[in-house]
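J.: Dropping the sequence and predicted coords here.
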There are 2 protein chains.
Amino acid sequence: MLYRRGFLACVFAVGCSASALAQPADPLASWNDGAVKKSIADFVARVTTQGGAEFVPPAERIATFDNDGCLWAEQPVYFQVQFAFDRVRALAPQHPEWKTQQPFKAVLDRDVKALAASGQKGVLQIIAATHAGMTTEEFARTVQDWLATARHPRFNRPYNEMIYRPMVELLGYLRTNGFKTFIVSGGGVEFMRVWAEKAYGIPPEQVIGSSGIVKFRAGQDGKPELIKEAKIEFIDDGPGKPVGINRFIGRRPVLAFGNSDGDQQMLQYTAAGSGARLMGIVHHTDSEREWAYDRRSQVGKLDKALDEGRAKGWTIVDMKRDWNKVFAFQ
Amino acid sequence: MLYRRGFLACVFAVGCSASALAQPADPLASWNDGAVKKSIADFVARVTTQGGAEFVPPAERIATFDNDGCLWAEQPVYFQVQFAFDRVRALAPQHPEWKTQQPFKAVLDRDVKALAASGQKGVLQIIAATHAGMTTEEFARTVQDWLATARHPRFNRPYNEMIYRPMVELLGYLRTNGFKTFIVSGGGVEFMRVWAEKAYGIPPEQVIGSSGIVKFRAGQDGKPELIKEAKIEFIDDGPGKPVGINRFIGRRPVLAFGNSDGDQQMLQYTAAGSGARLMGIVHHTDSEREWAYDRRSQVGKLDKALDEGRAKGWTIVDMKRDWNKVFAFQ
């Protein structure tokens, strides 16, 4: 009776919209129906049902996501590496010596072989030249400027449009259900924080990543500044991921998503907690809409974690089968 | 007219409570009226007024608070030091060698002079013995057990009741107004996270502090564990505070509260942002209800920051004058 009164009041009232009578929109519309979508919805229902055996209080609904290859693409090369190369090219006019100096010469000549030969030392030199020797705010501006102009070589889109529509839906769906969503990525934390809030709705304080040493100094006019130094402080990858989760969150996730062997320890750590858990892996199986790669890939290698996930019944997303849309622009 | 209808409907309706007609409760009831309370309320009004010149979007309403001497007491000695000493005493039966070995002998004999003589090396040995060589979960349990049994020597209360009622009100008032509240303390992050949520409503992921190295390892039954090592990773004090804020939050606070020279750089960093700011200092001036100390104190020394705060018009809380209640139990 109450329902009918409400219904009639709505039909006849001013301002009643058609949408109020329609089916609620599917919060996971880009996910195809099937076992994977069902496992996500079932998990969320179990942990959010008040009085249920597997209920998890909102404060403990911690969900962690890898970024590269999990929330946005990572081919043909991690986007932050592309950023570093583009910065080397942009800074080259101020560094004529780079024309003959490795690893910079290799970047300028697009010489992949010479670049690989420069090894770890070369990587650190490129990081020092592109990610250090400036304030944190100056660095953030270079990332912003790059995003505004750089385009992905295959899709000709700004890199921050190379984000997976289904994963953005999943983040929103979890937040609607009281989860707090975090990025836990091997990528640079100060690189990601510039655009993660707009792309994913994840604020800077919920982005965890690798970092370099930052030093406080009294700047000009006595205005204190934070300077980025060319020294690695923390690598948030592999066993570093549970360590980073402990350091930054201090609580074990109940849900974690990754896509590579670098996420294996985060998924193990999540699985080892008590109560309901969801461990997810995005498996890149769609060479047409995105890429297909796993065990033999240079970027985002997925081998041991795939075996463990299959053996233990983790939720393995087959991109081709489970997603009806990959990028919003497609 | 609408108001009067609402009023009459309320007066005559079933279930209308007296409180609905009363004045709303003062969210800062433990603060005396005066310039300090007014400066807080004015600041909050300015940054939350939509369309106002100083409006700050909710996502940017970051508020950071020191803990020792700012949110809870720190006399006669930092409570975490008391915890470490109590742990040494609790562990002593398993370490007969401590009866003759410094700095442990000094702790067991309550020999302040010998303890001071053991210096930095002694401190690190005590940390190693009481804060390392166990999983993060085992450590959290020792903190919980200690809180349940230890009592403050002067007030004979559990240490987590030694929290300042006016500051708890301030935290709540800020959150009601869309602020996100963080602890940024020189204290150990894993020590504070155990009890901060219940004491202050601040969840673990919003607690920033000093930390030791933590290592990931595959534990027994293949269950991964995080082991606390006896090596300092980060000191979140002095210039470490803005560095910690950048690392963990990635956004400059608009409000910061401290009480000692260890907070000076956090306050400077907060002050150096653009737009409305509030920098607060809790000045311990009440030897009856709490303690009176500043420039010459061994614990929570407040000297340079007090001068800077006075010179720059920061909000200096005079505990005796500005608080009508210090601890909830008083």
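T.: Sure, I can see it.

J.: so who does whichever residue of the stretch 51-200 of chain A sits closest to chain B touch?
T.: Closest contact between the stretch 51-200 of chain A and chain B, by Cβ to the nearest Cβ, is at A:Arg193 (4.6 Å). (Glycine included, C-beta is placed from N, CA and C.) Shown in contact with A:Arg193 (Cβ atoms under 8 Å, 6 or more residues apart in numbering or on different chains): A:140, A:204, A:207, B:250.

J.: could you redo the last one with a cut-off of 6 Å?
T.: A:Arg193 makes contacts with A:204, A:207, B:250, as judged by Cβ atoms under 6 Å, 6 or more residues apart in numbering or on different chains.

J.: Ignoring the adjacent residues along the chain, who's closest to it?
T.: Leaving aside its chain neighbours, A:Arg193 sits nearest to A:Pro204 (4.2 Å; criterion: Cβ to Cβ, 6 or more residues apart in numbering or on different chains).

J.: That neighbour reaches B:Arg252, doesn't it?
T.: No: look at A:Pro204 against B:Arg252 with Cβ atoms under 6 Å: they stay out of range, at 10.4 Å.

J.: Please identify every residue contacting each of these two.
T.: By Cβ under 6 Å, 6+ apart, no residue touches both A:Pro204 and B:Arg252.

J.: any idea how far A:Gly187 lies from B:Gly300?
T.: Going from A:Gly187 to B:Gly300 by Cβ to Cβ, to the nearest Å gives 39 Å.

J.: actually A:Thr176, not the one I typed
T.: 44 Å.

J.: Just want to know which of the two has more residues nearby.
T.: B:Gly300 (24 against 11; other Cβ atoms under 10 Å in any protein chain shown).

J.: Need the pLDDT of the more buried one.
T.: At B:Gly300, the pLDDT value in this model is 96.

J.: Name the nearest residue to it, sequence neighbours excluded.
T.: B:Gly69 (4.0 Å).

J.: That neighbour reaches B:Leu302, doesn't it?
T.: No: counting by Cβ under 6 Å, B:Leu302 is not a contact partner of B:Gly69; they are 8.4 Å apart.

J.: Chain B contacts on chain A?
T.: A:59, A:136, A:193, A:203-205, A:214, A:216, A:223-224, A:226, A:239, A:242-243, A:246, A:249-251, A:265, A:268-269, A:272 (Cβ under 6 Å from any Cβ of the partner chain).

J.: Narrow those residues to just the buried residues.
T.: A:136, A:193, A:203-205, A:214, A:216, A:224, A:226, A:239, A:242-243, A:246, A:249-251, A:265, A:268-269, A:272 (16 or more other Cβ atoms under 10 Å in any protein chain shown).

J.: Which of those residues fall in strands?
T.: A:214, A:216, A:224, A:226 (DSSP state E).

J.: I'd like the residues you listed written out as a markdown table, with distance to B:Ile232 and pLDDT added.
T.: Converted to a markdown table, these look like this (distance: Cβ to Cβ, whole Å; pLDDT from 0 to 100):
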| residue | distance to B:Ile232 | pLDDT |
| --- | --- | --- |
| A:Val214 | 17 | 97 |
| A:Phe216 | 18 | 97 |
| A:Pro224 | 24 | 94 |
| A:Leu226 | 21 | 97 |
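
J.: these two touch, right, A:Leu278 and A:Asp42?
T.: No: between A:Leu278 and A:Asp42 there is no contact under Cβ under 6 Å: 9.2 Å.

J.: Tell me how far A:Ala63 lies from A:Gln206.
T.: From A:Ala63 to A:Gln206 the distance is 10 Å (Cβ to Cβ).

J.: one step back: okay, A:Leu278 and A:Asp42: which has more neighbours?
T.: The neighbour comparison of A:Leu278 against A:Asp42 (other Cβ under 10 Å) goes to A:Leu278, with 22 against 13.

J.: Spit out the contact partners of the more buried one.
T.: A:Leu278 neighbours (Cβ under 6 Å, 6+ apart): A:43, A:255.

J.: now the strands for chain A?
T.: A:62-65, A:134-135, A:180-188, A:207-218, A:224-234, A:255-258, A:278-285, A:292-293, A:315-318.

J.: List the residues that contact the residue nearest to A:Tyr293 when sequence neighbours are not counted.
T.: In this structure, A:Tyr293 finds its nearest non-sequential neighbour in A:His284, 5.2 Å apart by Cβ to Cβ, 6+ apart. Residues near A:His284 by Cβ under 6 Å, 6+ apart: A:291-293, A:319.

J.: Mind doing that once more with 8 Å?
T.: By Cβ under 8 Å, 6+ apart, the neighbours of A:His284 are A:69, A:259, A:290-294, A:300, A:302, A:319.

J.: biggest separation within the residues you listed, which pair?
T.: Spanning the widest gap among the contacts of A:His284 are A:Glu290 and A:Leu302, at 13.9 Å by Cβ to Cβ.

J.: Out of those two, name the residue with the larger neighbour count.
T.: Per other Cβ under 10 Å, whichever of A:Glu290 and A:Leu302 has more neighbours is A:Leu302, with 26 against 23.

J.: Tell me how far that one lies from chain B.
T.: 19 Å (Cβ to the nearest Cβ, to the nearest Å).

J.: show me the contacts for that residue.
T.: Here A:Leu302 is in contact with A:259-261, A:281, A:283-284, A:293-295 (Cβ under 8 Å, 6+ apart).

J.: try 6 Å this time
T.: Taking Cβ under 6 Å, 6+ apart, one finds A:260, A:294 in contact with A:Leu302.

J.: and it, what are its phi and psi?
T.: With angles defined as degrees, to the nearest 10, A:Leu302 sits at phi -120, psi 110.

J.: Please name the bridge partners of A:Lys228.
T.: For A:Lys228, the beta-bridge partners under DSSP bridges are A:Met134, A:Val214.

J.: Over to A:Phe327?
T.: A:Tyr164.

J.: can you pull the pLDDT of it?
T.: 98.

J.: And A:Val11, by the same measure?
T.: pLDDT, A:Val11: 41.

J.: Okay, A:Ile232 and chain B: tell me how far apart.
T.: Applying Cβ to the nearest Cβ to A:Ile232 and chain B gives a distance of 13 Å.

J.: Take the buried ones among the residues of chain A next to chain B and keep only those in helices.
T.: Of these, the ones assigned to helices by DSSP state H are A:136, A:242-243, A:246, A:265, A:268-269.

J.: Show me where chain A dips below the pLDDT cut-off.
T.: Applying pLDDT under 70 to chain A flags the ranges A:1-23.

J.: Just give me the residue closest to the centre of it.
T.: A:Asn67 (2.0 Å; Cα atoms, centre = their mean).

J.: what sits against that residue?
T.: A:183, A:185, A:187.

J.: Looking at these, spot the one nearest A:Leu115.
T.: Nearest member of the contacts of A:Asn67 to A:Leu115, counting by Cβ to Cβ, is A:Gly187, at 19.3 Å.

J.: isn't A:Pro203 right next to A:Met192, touching?
T.: No: using Cβ under 6 Å, A:Pro203 is not in contact with A:Met192; the gap is 11.5 Å.

J.: Report the distance from stretch A:108-118 to the chain centre.
T.: 27 Å (Cα atoms, centre = their mean, to the nearest Å).
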